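Trainee: how would this look folded up:
(chains A and B)
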Amino acid sequence: MNGIEILLDKILAGSRIAYGESRRQLAAELRSHLEDSMNEARGAGHDDEEAERFAIARFGSPEPISRDFATVYRFERVCFYILAFGLLSIASIVAVAGFTYLVQRVLISNLGLQHSPWCFSAKHLESELLLIAGIIIGYFGLFFTRRLFSRGPILKAVVVVGIMFILAAGLLQFWIQHCGLILVEAYMCAVFIGVVETRFRQWTAKFLLVAVALTAFGILLAALYHMTSTREIMVTALIWSTIAVCCCGVAVFTSLFDRHILSQRFAGTSVDVPDCYRC
Amino acid sequence: MYGYELIQEVQRLSGQAFEFNEGTLYPALHQLERKGFLRSEWRIAKTGRKRKYYSLTSKGRQQAEREQEGWKHFTGAINLILTSAQQ
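Mentor: Coordinates of the predicted model:
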């Protein structure tokens, strides 16, 4: 990679422009400028290496330029995050809720717990869906919100998303009793998953920690909600551990999405200028 | 005009008075385009190279006139102060 390409790469990576076409056009435009500048230097008698150095020096440091571009293209970036957040959340909620329901059906009938009709009651399924939706929305909320801050991103994201959750929980509690509390519980789980994901490297450790902690949390809540029979607690533990494992699966998928789509999209190296923009 | 041409023109008209990092021009051009003051199009130059040309929109022209008025007013006021101070 020559000096010009390195400079373009830094500018495009820092600009965090979400859409490929805008990035390609910008790369072509800046490259055209740098080539003009090099031609001017060549015309003044400099060799290729000197001309490149001259063009780069005149163009200026890439950091302030990319920062300015990041400001110009902020709206698109936020729109892209919102779209990705919405699509990922909906897909994950459907997948996790569906899988949890399936596991619940299979396990409970195989474990001889079919006399637990409460766990298939509309009220329980509703609460379960709200819990899953809350965990996933909270998790993705933290995932995308922390990208908006450069200093202390995790703490700031926890506070911002937390405020939204508290407001939503307040409204929901007013509307349907107990639902607000479920949302608060879900957010606590989401924060835990988010923190574990950023603090631990090994996926086995993440899976184990999240599964054990969320199952324990579920049993604690079951005890708080006065579930005293062993059968009920066992079912609750099963449901929570399934949700925990599914959420870890979502975290793995998100990590892959981050590595292969988000990071690639915002990295400078993804700039591939088609011939139609080449000089 | 395309970006490089614009910089050359500014330097020529100002008698090389303005020296700035050339790259800083582009975020400003993109910002003005997004605000609707400029429009851009890719054209093939006489040399056969593709370049992005910018031109003022009617909204941009009106804004430029307003800015020019504002600038004249500002420099006029500064000149008055300087003249008074010298007297």
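
Trainee: convert the C-alpha atoms of stretch A:201-214 to PDB, please.
Mentor: Below are the C-alpha coordinates for stretch A:201-214, written out as PDB (Å, rounded to 0.1, in the frame of the first residue of the first chain):
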ATOM      1  CA  ARG A 201     -12.300 -13.300  25.800                       C
ATOM      2  CA  GLN A 202     -13.200 -17.000  25.700                       C
ATOM      3  CA  TRP A 203     -16.600 -17.900  24.500                       C
ATOM      4  CA  THR A 204     -16.800 -21.000  26.800                       C
ATOM      5  CA  ALA A 205     -16.300 -18.800  29.800                       C
ATOM      6  CA  LYS A 206     -18.900 -16.300  28.600                       C
ATOM      7  CA  PHE A 207     -21.400 -19.000  27.900                       C
ATOM      8  CA  LEU A 208     -20.900 -20.600  31.300                       C
ATOM      9  CA  LEU A 209     -20.900 -17.400  33.300                       C
ATOM     10  CA  VAL A 210     -24.000 -16.100  31.600                       C
ATOM     11  CA  ALA A 211     -25.900 -19.400  31.900                       C
ATOM     12  CA  VAL A 212     -25.000 -19.900  35.600                       C
ATOM     13  CA  ALA A 213     -25.700 -16.300  36.600                       C
ATOM     14  CA  LEU A 214     -29.000 -16.000  34.700                       C
END
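
Trainee: give the buried residues for that stretch.
Mentor: A:206-207, A:209-211, A:213-214 (16 or more other C-beta atoms under 10 Å in any protein chain shown). The C-beta positions use only the backbone N, C-alpha and C, and glycine is treated the same way.

Trainee: make JSON lines out of those residues and add distance to chain B, pLDDT and secondary structure.
Mentor: Converted to JSON lines, those look like this (distance: C-beta to the nearest C-beta, whole Å; pLDDT from 0 to 100; DSSP: H, G, I helix; E, B strand; the rest coil):
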{"residue": "A:206", "distance to chain B": "40", "pLDDT": "85", "secondary structure": "helix"}
{"residue": "A:207", "distance to chain B": "44", "pLDDT": "86", "secondary structure": "helix"}
{"residue": "A:209", "distance to chain B": "44", "pLDDT": "90", "secondary structure": "helix"}
{"residue": "A:210", "distance to chain B": "42", "pLDDT": "90", "secondary structure": "helix"}
{"residue": "A:211", "distance to chain B": "47", "pLDDT": "89", "secondary structure": "helix"}
{"residue": "A:213", "distance to chain B": "46", "pLDDT": "91", "secondary structure": "helix"}
{"residue": "A:214", "distance to chain B": "45", "pLDDT": "89", "secondary structure": "helix"}
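
Trainee: can I get these in TSV including distance to residue B:52?
Mentor: TSV is the format used below for these (distance: C-beta to C-beta, whole Å):
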residue	distance to residue B:52
A:206	46
A:207	50
A:209	52
A:210	49
A:211	54
A:213	54
A:214	53
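
Trainee: for chain A, what are the nearby residues on chain B?
Mentor: Residues of chain B lying close to chain A by C-beta under 8 Å from any C-beta of the partner chain are B:2-4, B:20-24, B:26-28, B:30-31, B:34, B:42, B:49-52.

Trainee: how about the contacts made by residue A:131?
Mentor: The contact partners of residue A:131, by C-beta atoms under 8 Å, 6 or more residues apart in numbering or on different chains, come to A:182, A:185-186, A:243.

Trainee: what's the closest of those to chain B?
Mentor: For the contacts of residue A:131, the closest approach to chain B (C-beta to the nearest C-beta) belongs to residue A:186, at 38.5 Å.

Trainee: on that earlier part again, ChimeraX command for the buried members of the residues of chain B next to chain A?
Mentor: Listed next is the ChimeraX selection for buried residues among these, using 16+ other C-beta under 10 Å:
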select /B:2,3,4,22,23,26,27,30,31,50,51,52
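
Trainee: among the residues of chain B next to chain A, which ones are in strands?
Mentor: The subset of those located in strands under the criterion DSSP state E comprises B:42, B:50-52.

Trainee: closest one of those residues to chain A?
Mentor: residue B:52 (4.7 Å).

Trainee: that older thread, Throw the ones in strands among the residues of chain B next to chain A into TSV and include pLDDT, thanks.
Mentor: Putting these into TSV (pLDDT from 0 to 100) gives the following:
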residue	pLDDT
B:42	92
B:50	85
B:51	90
B:52	93
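
Trainee: quick check: the farthest pair among those?
Mentor: B:50 and B:52 (8.0 Å; C-beta to C-beta).

Trainee: overlap in contacts of the two?
Mentor: Taking C-beta under 8 Å, 6+ apart as the criterion, residue B:50 and residue B:52 both touch A:28, A:32, B:42.

Trainee: with adjacent residues omitted, what lies nearest to residue A:37?
Mentor: Nearest in space to residue A:37, with sequence neighbours left out and distances taken as C-beta to C-beta, 6 or more residues apart in numbering or on different chains, is residue A:55 at 3.8 Å.

Trainee: picking that back up, neighbour-wise, which one of the contacts of residue A:131 leads?
Mentor: Neighbour tally across the contacts of residue A:131 (other C-beta atoms under 10 Å in any protein chain shown): the maximum, 28 neighbours, falls on residue A:243.

Trainee: ok, that one to residue A:79 distance?
Mentor: With distances taken as C-beta to C-beta, to the nearest Å, residue A:243 is found 31 Å from residue A:79.
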